[in-house]
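1. build me a model:
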Amino acid sequence: MLTRSDDLDILLTVVDSGGFSAAADTLNIQVARVSRAVSKIEQQLGVTILNRTTRRIELTDEGRQFVESVRTGLLQLQRAEDELVKRGELPQGRLRVDAASPFVFHQLVPLMHDFRQAYPDIMLELTSNEGYVDLLEKRTDVAIRIGKLNDSTLYARPLGKSALHIVASPAYIARRGAPQKVADLSGHELLGFTEPKALNRWPLKGCEEVMPNIRCSNGETLRQLALSGNGIACLSGFMINDDLAAGRLITLLNHDKMNVTDREQVNAMYYKSSTVARRISAFIEFIQPRLTL
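-> Below you'll find the predicted structure:
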């Protein structure tokens, strides 16, 4: 074998992150180390894998085929190592978990200390992505997603349901008043998402997609905007239950809410044949009864 697995891992990180500097940040190594690893692979194989410009990198045709094969090969190597190092009763090894940032902040972070106490040999990596994530490409073991599921190649483990609420802060209501019916929303400041636009279809009778006055890509940003009195928002209970209990946010138009079960379902997604099944099971079984959805 001409190439080293650690150099190949660096190459994959360059491809996945879109550049040498981004790969260095991800791996916490120097950019020069990244550049040397890629150049070394190209010299050993006698082919150009990446076309480099001052602004971006692109895979050559040979490079694209090589990277796909390397990705598959390293995954098989990881599986072999995982099987070899299994010992004792407690699962061990790396577990990469991805969820939308509000779910990480409000649901996972508060549980991490106790989880580490229960499973000290599991090395957790938490990442935040607001949209769809290719588990294989992003090297993610389990993704927690809210809403309707589309990918049939993944196994979905239901974690519960998190109700959607139409909310505003007491300060906003004192300044602008509370809408009494859905039609009143047209006279209010509305807060929503940049994408996907489906998140701006509020679960209210006779309400189509709302046209927000302020849009953002992150649910936690939306929550902060609502708390600061900037307008009315539609948010999941998992991120605002404490705010509702403390009176920092107030629910609106409860009598006009519709049943939208598919949008409220919370699932843990992972590949059915995953070799990290013991780690995934340990993680899911630990967090599920402790989630405050």
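
2. where does pLDDT dip in the stretch 101-250 of the chain?
-> Scanning the stretch 101-250 of the chain for pLDDT under 70 picks out 130-139, 150-153.

3. mind listing the helices for it?
-> Secondary structure of the stretch 101-250 of the chain by DSSP state H, counting those that start in this stretch: the helices cover 101-103, 112-118, 170-176, 219-227, 237-246.

4. can you give the strand pairings for whichever helix or strand comes after the last one, parallel or anti for each?
-> In this case it means helix 237-246. The helix or strand immediately downstream of helix 237-246 is strand 250-251, counting by DSSP states H and E. Counting by DSSP bridges, the strands paired with strand 250-251 are strand 164-168 (antiparallel).

5. the strand it pairs with relative to helix 219-227, how many degrees between them?
-> 40 degrees (axes from the mean of the first three to the mean of the last three C-alpha atoms, to 10 degrees).

6. got the CA coordinates for strand 164-168 in PDB?
-> Only the C-alpha atoms of strand 164-168 are listed here, as PDB (Å, rounded to 0.1, in the frame of the first residue of the first chain):
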ATOM      1  CA  LEU A 164     -45.100  23.600  18.100                       C
ATOM      2  CA  HIS A 165     -46.200  26.900  19.700                       C
ATOM      3  CA  ILE A 166     -47.000  30.300  18.400                       C
ATOM      4  CA  VAL A 167     -45.300  32.600  20.900                       C
ATOM      5  CA  ALA A 168     -44.300  36.200  21.700                       C
END
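
7. contacts for it, please.
-> Strand 164-168 is contacted from outside by 178, 202-204, 226, 229, 231-237, 240, 243-244, 249-254, 257, 260, 263-264, using C-beta atoms under 8 Å, 6 or more residues apart in numbering. (Each C-beta comes from the backbone N, C-alpha and C, glycine too.)

8. can you point out the buried residues in it?
-> Residues 164-168 are the ones in strand 164-168 that count as buried (16 or more other C-beta atoms under 10 Å).

9. and the end-to-end length of stretch 226-242?
-> End-to-end span of stretch 226-242 (C-alpha to C-alpha, to the nearest Å): 14 Å.

10. chain center to that stretch: distance?
-> Averaging C-alpha positions (C-alpha atoms, centre = their mean, to the nearest Å) puts stretch 226-242 20 Å from its chain's average.

11. mind listing what's buried in it?
-> 226-227, 229-241.

12. same list (the helices of the stretch 101-250 of the chain) but as CSV, adding distance to residue 212.
-> Below are those laid out as CSV (distance: least, C-beta to C-beta, whole Å):
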stretch, distance to residue 212
helix 101-103, 17
helix 112-118, 33
helix 170-176, 14
helix 219-227, 9
helix 237-246, 17
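
13. between the ones you listed, which gets nearest to residue 270?
-> Distance to residue 270, taken as C-beta to C-beta, is lowest for helix 101-103 among the helices of the stretch 101-250 of the chain, at 15.8 Å.

14. ok, residues contacting that closest one?
-> Applying C-beta under 8 Å, 6+ apart, the contact partners of helix 101-103 are 128, 130, 144, 146, 218-220, 223, 236, 238-239.

15. which of these are buried?
-> Neighbour counting over the contacts of helix 101-103 (16+ other C-beta under 10 Å) leaves 130, 144, 146, 219-220, 223, 236, 238-239 as the buried ones.

16. out of those, what pair is the most spread apart?
-> Using C-beta to C-beta, the pair of those lying farthest apart is 144 and 223, separated by 17.6 Å.

17. residue ranges of the strands in the stretch 151-293 of the chain, please?
-> Secondary structure of the stretch 151-293 of the chain (DSSP state E, counting those that start in this stretch): strands located at 154-161, 164-168, 191-193, 214-216, 233-236, 250-251, 265-271.

18. can you list the strands that the fourth one pairs with?
-> In this case it means strand 214-216. Applying DSSP bridges, strand 214-216 is found paired with strand 191-193 (parallel).

19. and the partner strand, how far out from the chain middle?
-> Chain-centre distance of strand 191-193: 19 Å, with C-alpha atoms, centre = their mean.

20. pull out the buried residues from stretch 184-204.
-> 185, 188-193, 199-204.

21. neighbouring contacts of it?
-> Against stretch 184-204 from outside (C-beta under 8 Å, 6+ apart): 131, 164, 166, 172, 176, 179, 182, 207-217, 219, 222, 225-226, 230-234, 253, 256-260, 263.

22. again, 6 Å this time
-> 164, 179, 182, 209-210, 212-215, 217, 222, 225, 231-234, 253, 256-258, 260 (C-beta atoms under 6 Å, 6 or more residues apart in numbering).

23. I appreciate the help and will end here.
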